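Asker: Build me a structure from this.
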Amino acid sequence: MIRHPFRTPFIGVALAVALAACSERKTQDPPASVAPSTAPAPAPAAPEASITPAGSQVIGGDGSPVLLSALTAADLAANALPGELGCAFQAGGPDPLLVAKGFVGSKDPARGLVKVTDYVEPIAAARGFDGMVKGAKFSGQGKTVVIAITGPAAGGGESPPYPATLTYHRADGAKHVVKGTWTCGP
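Answerer: All right, here's what the predicted structure looks like:
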């Protein structure tokens with residue numbers, strides 16, 4: 001038997017390519033014991049409303065996002081706040097990102113709520129209602145929330161909204177800044 005010098009390597013390469021093609025095909029085919037599904041694939045979940053409002057940014061931390069959500073009427077009903085007057089921070093939507101209430105002339109802290117993703121979390125600020133009117137620093141477990149007024153009131157009346165920022169400081173160093181309005185009153 002006479003062997004051609006190019007034939008043996010060619011057969012070896014062709015065999016390797018054929019085996020590789022078979023191996024790839026086997027990893028792509030479903031197992032024979034599994035019947036193909038005729039049910040339609042589930043639709044992707046709708047994005048959460050009011051999370052990370054326009055004009056917001058997240059800085060620092062471990063890289064995980066700080067997702068603030070709007071407080072719903074059900075959240076507020078389930079977490080009643082003591083106080084005679086209140087303040088709210090809104091960022092463009094109908095529901096607030098932060099709500100707080102306190103008593104006028106009180107040294108007791110004002111109590112508030114902020115919602116991070118789906119969890120309503122309590123916060124508090126010094127000096128009752130009077131301590132919140134011109135902005136406030138709220139504290140809670142693993143967080144500090146600062147409301148800073150950034151300009152004159154937009155309109156008149158007893159409770160005009162002020163342009164403001166809400167800065168959420170997480171214990172790991174993450175900082176989330178949101179632009180909106182701060183309104184205090186009855």
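Asker: for this structure, which spans come out with low pLDDT?
Answerer: For the chain, applying pLDDT under 70 flags the ranges 1-60.
Asker: That one: strands as residue ranges?
Answerer: Along the chain, counting by DSSP state E, strands occupy 56-59, 68-69, 85-90, 98-102, 110-116, 119-125, 136-140, 143-149, 162-170, 175-185.
Asker: Just want the angle from the fourth one to strand 119-125.
Answerer: Counting by axes from the mean of the first three to the mean of the last three C-alpha atoms, to 10 degrees, strand 98-102 points 40 degrees away from the direction of strand 119-125.
Asker: what lines up beside strand 98-102 in the sheet?
Answerer: Partner strands and pairing direction for strand 98-102 (DSSP bridges) are strand 85-90 (antiparallel), strand 110-116 (antiparallel).
Asker: Just put those strands in a markdown table and tack on mean neighbour count.
Answerer: No exception for glycine: its C-beta is placed from N, CA and C like everyone else's. Below are these laid out as a markdown table (neighbours: other C-beta atoms under 10 Å):
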| stretch | mean neighbour count |
| --- | --- |
| strand 85-90 | 22 |
| strand 110-116 | 24 |
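Asker: Adding distance to T183, write the ones you listed out as CSV.
Answerer: Putting the strands paired with strand 98-102 into CSV (distance: least, C-beta to C-beta, whole Å) gives the following:
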stretch, distance to T183
strand 85-90, 6
strand 110-116, 14
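Asker: Figure out which of the ones you listed is closest to A153.
Answerer: Distance to A153, taken as C-beta to C-beta, is lowest for strand 85-90 among the strands paired with strand 98-102, at 13.4 Å.
Asker: picking that back up, need the winner for burial among the strands of the chain.
Answerer: Of those, the one with the most neighbours on average (mean count of other C-beta atoms under 10 Å) is strand 98-102, at a mean of 26.
Asker: and the angle for that one with strand 143-149?
Answerer: 80 degrees.
Asker: Strand 98-102 versus strand 175-185: what angle between them?
Answerer: Note on geometry: by the same axes, to 10 degrees, strand 98-102 and strand 175-185 are set 50 degrees apart in direction.
Asker: angle of strand 98-102 against strand 136-140?
Answerer: Using the same axes, to 10 degrees, the inter-axis angle of strand 98-102 relative to strand 136-140 is 100 degrees.
Asker: Next, the angle strand 162-170 makes with strand 98-102.
Answerer: Going by the same axes, to 10 degrees, strand 98-102 makes 100 degrees with strand 162-170.
Asker: Tell me which residues are up against strand 98-102.
Answerer: By C-beta atoms under 8 Å, 6 or more residues apart in numbering, the residues outside strand 98-102 that reach it are 71, 76, 81-89, 108-114, 123, 125, 127-132, 136, 138, 145, 147, 166.
Asker: If we use 7 Å, what do you get?
Answerer: By C-beta atoms under 7 Å, 6 or more residues apart in numbering, the surrounding residues in contact with strand 98-102 are 71, 76, 81-83, 85-89, 110-114, 125, 128-129, 132, 138, 145, 166.
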